[in-house]
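Asker: how would this look folded up:
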Amino acid sequence: MTRETLEQVKLRIHQRASFVLNITADWCPDCTVEQVKNLDDFECKLRELGLELVNLVVQKEKLVFLSEEHANLVESLGGHGYPRTILYRSGNPVSTDNVETLSSEALTELANEFSKLM
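Answerer: Numbering: from 1, shown residues only. Next up is the predicted model:
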């Protein structure tokens, strides 16, 4: 998984890339403990679909965004709830309502859903 800055993510979107964005918060145990241990398998499944898994941290402290732009991106994709895992197809978000997808089984199911949307 590639950890990117907001500018790097915006560049991917501008270039109309297809990828999976995993929005996290450093304070969130679901992000930093629960989901992270299952991301390697998820990333392998995504690679089979030709998709890269990209991580964007939007908060270090609870309810405090790194910037207004981070807050605007989160709001445009459905609001709070971490981790939020989003499929971008050709630079457009096509599946944004994937919040707290943590277990290996849930991530496998999500990868299967993404494959149908590609």
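
Asker: what about Gly79, neighbour count?
Answerer: 10 (other C-beta atoms under 10 Å). From N, CA and C alone the C-beta is placed, and that goes for glycine too.

Asker: which of the three states applies to it?
Answerer: Per DSSP: H, G, I helix; E, B strand; the rest coil, the local secondary structure of Gly79 is coil.

Asker: how much space between Arg89 and Met118?
Answerer: 6 Å (C-beta to C-beta, to the nearest Å).

Asker: kindly report the same for Val9.
Answerer: The gap separating Val9 from Met118 is 19 Å, by C-beta to C-beta.

Asker: which of the two has more residues huddled nearby?
Answerer: Val9 (19 against 12).

Asker: the helix or strand hosting that one: how far from the chain's middle?
Answerer: Taking DSSP states H and E as the criterion, Val9 maps to helix 6-14. Here helix 6-14 is found 13 Å from its chain centre; the criterion is C-alpha atoms, centre = their mean, to the nearest Å.

Asker: then stretch 31-47?
Answerer: On C-alpha atoms, centre = their mean, the centre of stretch 31-47 falls 11 Å from that of its chain.

Asker: which of the residues in it are buried?
Answerer: Neighbour-count burial for stretch 31-47, with 16 or more other C-beta atoms under 10 Å as criterion, is recorded at Cys31, Gln35, Val36, Asn38, Leu39, Phe42, Glu43, Lys45, Leu46.
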